[in-house]
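Asks: Got a predicted structure here, sequence first:
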Amino acid sequence: MKRVYNFSAGPSMLPLPVLEKAQQELVNYADTGMSVMELSHRSSAFVEIIEEAEKLFRELLNIPEQYKVLFLQGGATQQFSMVPLNLMKKGKAAYIHTGSWSIKAIKEAKKYGDIDMVASSEDKNFSYIPQLENGKLDKSYDYVHITTNNTIEGTAFAAFPETGEIPLVADMSSNIMSEEIDITKFGVIYAGAQKNIGPAGLTIVIIREDLIGGARESCPVMLDYQTHSDKGSLYNTPPTFAIYMAKLVFEWLQELGGIKKMEKMNREKAKLLYDFLDGSSFFTSPVEKGSRSLMNIPFATKSDELNAAFIKEAKTAGLETLKGHRSVGGMRASIYNAMPIEGVQKLVDLMRDFEEKYR
């Protein structure tokens, strides 16, 4: 069986043991005579799946009881609307602008109230994470929004802003479960599943209970957090197979040693690639060192022609989806939880050989 190292930013590679477990259970799940994809979301078999998925997720992230976990759909993009529809009671929110995804979140939020961009890294092409100035936050803000890891630009928050009593809302799509975090620093965390959790189609929201129930009257029923909280994420048919796959990923993470062990592995992978980039006069990284992502690492050679040649050689070597985002160019290695260190080592070896050949 041919398996490549898939460096895609999403949908990303999944752990091989998870795929193999799903393969074993695909046709007949737990002696039901049905695939998970055929199970009614009201059946006891599926209710057991979603309850176990939530239990494991809570244990892995150490989520306190006063937070609800919601299994939704629509991706982070739907959350760009759900957050202001549910949290914007006074009509004013603060956003920290760090790149392509935060500007989309800001654009949507402006439809529902006044948005202040309280910090931005646009001045240096989003190559760093901006610091929030002391006293910058107006107490009248309904919430402060950040994107914890910027998939396209390759930056990430090393420390989260202190917002006091103002709820901190985080799009954590591309680095959730990659390192230990203190959930209590946040009012809402949301994440598309297709990076570190499972296949595309599932979105997980972690929300403090006191932030549920404040949606405006005009809020569609499916965009009201209360709807999903009251029904245990089963108001309508959820993405059943994606939730099942997420459960398998959570089991895999737990068997691996949990988030602490995963973070150690992720830091080792990232260090391997960053150390090579820092020592190279041929490949460069556009991101300031203090703002580097553990998950998404953009890099480039000296020309577009050499970039194209490298991507071609990488594909031949079984290193897939390394082309950078169209807005940035160059290359990007997304090294999410499922990427083994052997894949990163193979990438570094190819980069070293390519540099020797073309410098």
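Replies: Received it, and whenever you're ready, just let me know what you need. Residues are numbered from 1 along each chain as shown.

Asks: Residues contacting the lengthiest helix in the chain, please?
Replies: Longest helix of the chain, by residue count under DSSP state H: helix 258-279. With contacts defined as Cβ atoms under 8 Å, 6 or more residues apart in numbering, helix 258-279 is touched by 60-61, 177-180, 253, 256, 283-285, 292-295, 297, 299, 333, 335, 337, 339, 341, 344-345, 347-348, 351-352. All C-beta spots, glycine's among them, are computed from the backbone N, C-alpha and C.

Asks: In strands, which of those fall?
Replies: Of the contacts of helix 258-279, the ones assigned to strands by DSSP state E are 297, 299, 333.

Asks: Serialize those residues to TSV and add fields for distance to residue 97 and pLDDT.
Replies: As requested, those are arranged in TSV below (distance: Cβ to Cβ, whole Å; pLDDT from 0 to 100):
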residue	distance to residue 97	pLDDT
297	22	98
299	24	97
333	25	98
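
Asks: Looking at the residues you listed, state which has the most neighbours.
Replies: The most crowded member of these is residue 333, carrying 28 neighbours; neighbours defined as other Cβ atoms under 10 Å.

Asks: show me the contacts for that one.
Replies: By Cβ under 8 Å, 6+ apart, residue 333 lies in contact with 7, 273, 296, 297, 299, 322, 344, 347.

Asks: Tell me the strands beside the helix or strand harbouring residue 169, with direction?
Replies: Assigning secondary structure by DSSP states H and E places residue 169 in strand 168-171. Sheet pairing of strand 168-171 (DSSP bridges) gives strand 144-147 (parallel), strand 188-192 (parallel).

Asks: which one of those lies closest to residue 220?
Replies: Among the strands paired with strand 168-171, the nearest to residue 220 by Cβ to Cβ is strand 188-192 (17.2 Å).

Asks: For the helix or strand following that closest one, enumerate the helices and strands it packs against.
Replies: Sequence-wise, the next helix or strand downstream of strand 188-192 (DSSP H and E) is strand 203-208. Helices and strands touching strand 203-208, by 3 or more Cβ pairs under 8 Å, 6 or more residues apart in numbering; DSSP states H and E, are strand 67-72, helix 75-87, strand 188-192, helix 225-230.

Asks: so which of these is the most packed in?
Replies: strand 188-192 (a mean of 26; mean count of other Cβ atoms under 10 Å).

Asks: Give me the angle between that strand and strand 67-72.
Replies: Going by axes from the mean of the first three to the mean of the last three Cα atoms, to 10 degrees, strand 188-192 is angled at 30 degrees with respect to strand 67-72.

Asks: Quick check: the gap between residue 102 and residue 25.
Replies: Using Cβ to Cβ, to the nearest Å, we find residue 102 at a distance of 39 Å from residue 25.

Asks: The two: which has the busier surroundings?
Replies: residue 102 (24 against 15).

Asks: so what's the more buried one up against?
Replies: 95, 96, 145, 146, 147, 150, 171.

Asks: at 6 Å what do you get?
Replies: residue 147 (Cβ atoms under 6 Å, 6 or more residues apart in numbering).

Asks: next one: the one 10 residues further on
Replies: Residues in contact with residue 112 (Cβ under 6 Å, 6+ apart) are 84, 88.

Asks: For residue 24, the count of nearby residues, please.
Replies: Residue 24 has 10 nearby residues by other Cβ under 10 Å.

Asks: Buried only: go through the contacts of helix 258-279 for me.
Replies: Among the contacts of helix 258-279, those buried by neighbour count (16 or more other Cβ atoms under 10 Å) are 60-61, 177-179, 253, 283, 285, 292-295, 297, 299, 333, 335, 337, 339, 344, 347-348, 351.

Asks: Show me which positions of stretch 279-292 end up buried.
Replies: Going by neighbour count (16+ other Cβ under 10 Å), the buried part of stretch 279-292 is 280, 282, 283, 285, 286, 287, 291, 292.

Asks: what distance separates the start and the end of that stretch?
Replies: 16 Å (Cα to Cα, to the nearest Å).

Asks: Where does pLDDT dip in the stretch 151-300 of the chain?
Replies: For the stretch 151-300 of the chain, no stretch is flagged by pLDDT under 70.

Asks: that older thread, can you tell me which of the strands paired with strand 168-171 is nearest to residue 13?
Replies: Residue 13 lies closest to strand 188-192 among the strands paired with strand 168-171, at 15.4 Å (Cβ to Cβ).

Asks: Run through who's touching the closest one.
Replies: 75-76, 79, 169-170, 172-173, 176, 203-207.

Asks: Let me know the closest of these to residue 56.
Replies: Among the contacts of strand 188-192, and counting by Cβ to Cβ, the member closest to residue 56 is residue 204, at 12.0 Å.

Asks: Quick check: closest non-adjacent residue to that closest one.
Replies: Once flanking residues are discounted, residue 204 sits nearest to residue 191: 5.4 Å by Cβ to Cβ, 6 or more residues apart in numbering.

Asks: what about that neighbour, distance to residue 164?
Replies: 24 Å.

Asks: quick one: residue 113 from residue 101, how far?
Replies: 20 Å.

Asks: nearest to residue 215, of the helices and strands packed on strand 203-208?
Replies: helix 75-87 (4.6 Å).

Asks: How far off centre is the next helix or strand after the closest one?
Replies: Sequence-wise, the next helix or strand downstream of helix 75-87 (DSSP H and E) is strand 92-97. Its chain's C-alpha centre and that of strand 92-97 lie 20 Å apart, by Cα atoms, centre = their mean, to the nearest Å.
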